[in-house]
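Student: sequence first, predicted model second:
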Amino acid sequence: MLSLAHLTFMHAGPLELIALAEAGGFDAVGLRLVDPAPQGDFFPVVSDAALRRQVKAALQSSGLTLLDIEAVWLWPQTQAQMLRPALEAGAELGARNLLVGGNDPDRSRMTDRLAECCAMAREYDMGVGFEFIPYTALNSLAYANAILKDAGQSNAGLLVDALHLSRSGGSPSDLTAIEPALIAYGHLCDAPAASPGVDGLRSEAREARLYPGDGGLPLAAFLSALPADKPIAMEAPSVAYGDDDHERARRAGAACRTLLASIGRG
């Protein structure tokens with residue numbers, strides 16, 4: 001399954017993003033229903049029943065799967081019960097997963113909050129993709145894997161982003177040490193082989209990624225190291241590809257399929 005992550009077109013509303021995923025030939029889409037910043041606000045899918053009906057109809061007519069809803073960050077002040085409206089909305093739309101990151105310096109508390117999120121997601125038949133990001137407290141594959149194991153939740157797995165893996169000092173070979181059942185899915189993009197440095201990681205991740213084949217990340221090795229049955233989501237926000245969103249979506253989808261075909265997963 002090849003999905004289009006919302007961050008690739010963060011300015012797009014949910015209906016526009018579904019149309020872009022169709023244009024790009026993707027199988028699925030991810031929708032941001034929760035802003036990761038505390039007290040943040042985003043497209044009102046959770047609170048707007050009429051918009052949810054439109055989104056559900058658009059998903060059904062397009063044939064796209066809703067791979068995940070995002071993006072829950074576990075902060076020190078996070079209260080899992082506050083996420084229930086987003087989970088209810090996601091379940092109404094047929095979401096398969098809840099994307100969760102971590103930005104709490106207290107390991108024990110972050111582990112407990114992850115377990116709570118997983119238990120709630122399970123009520124709605126959702127899995128949890130637990131994503132490490134090198135400029136947050138949850139900053140490496142090894143750390144995320146350790147917390148995931150401590151949380152002990154059967155519906156949770158690691159969400160491994162090719163850029164974050166590289167910029168955290170990891171490599172595709174690190175994935176071979178992870179139990180396949182503990183990997184939920186992957187995020188795909190390209191980037192220059194050289195890191196921009198610690199101060200440039202966030203801006204690169206949010207606006208300077210590249211489409212597969214346009215950079216120097218070891219993407220074939222990355223995909224080959226992921227279990228073959230796991231979904232892949234294209235997450236590549238970039239200012240490098242012009243202003244025509246539909247053309248960008250078509251180019252992004254084609255680049256992903258070319259890469260997948262090159263390793264026999266076309």
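Tutor: Arrived safely.

Student: for the stretch 51-200 of the chain, which segments count as helices?
Tutor: Shown for the stretch 51-200 of the chain, the helices assigned by DSSP state H, counting those that start in this stretch span residues 84-93, 107-123, 141-151, 162-167.

Student: would you tell me which one of the ones you listed is buried the most?
Tutor: helix 162-167 (a mean of 25; mean count of other CB atoms under 10 Å). For every residue, glycine as well, the C-beta is placed using N, CA and C.

Student: dump it to PDB, restricted to CA.
Tutor: Extracted as PDB, the C-alpha positions of helix 162-167 are listed here (Å, rounded to 0.1, in the frame of the first residue of the first chain):
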ATOM      1  CA  ALA A 162      13.700   7.400   6.000                       C
ATOM      2  CA  LEU A 163      14.800  11.000   6.600                       C
ATOM      3  CA  HIS A 164      14.600  10.700  10.400                       C
ATOM      4  CA  LEU A 165      16.500   7.400  10.400                       C
ATOM      5  CA  SER A 166      19.300   9.000   8.500                       C
ATOM      6  CA  ARG A 167      19.500  12.200  10.400                       C
END
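
Student: and that helix, how far out from the chain middle?
Tutor: 13 Å (CA atoms, centre = their mean, to the nearest Å).

Student: and for the chain, the residue most distant from the center?
Tutor: Within the chain, the residue lying farthest from the chain centre (CA atoms, centre = their mean) is Ala50, at 25.7 Å.

Student: max-length strand in this protein?
Tutor: Across the chain, the strand with the greatest residue count (assigned by DSSP state E) is strand 65-74.

Student: using CSV, write out the CA atom coordinates for it.
Tutor: Output of strand 65-74 as CSV, limited to C-alpha atoms (Å, rounded to 0.1, in the frame of the first residue of the first chain):
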residue,chain,number,x,y,z
THR,A,65,-7.9,3.9,2.3
LEU,A,66,-7.3,6.1,5.2
LEU,A,67,-4.0,4.8,6.4
ASP,A,68,-3.7,7.0,9.4
ILE,A,69,-4.8,10.0,11.3
GLU,A,70,-2.2,12.3,12.8
ALA,A,71,-0.4,13.8,14.6
VAL,A,72,-0.4,13.1,18.3
TRP,A,73,2.8,14.2,20.1
LEU,A,74,3.2,13.0,23.7
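
Student: since that was my last question, I'll sign off now.
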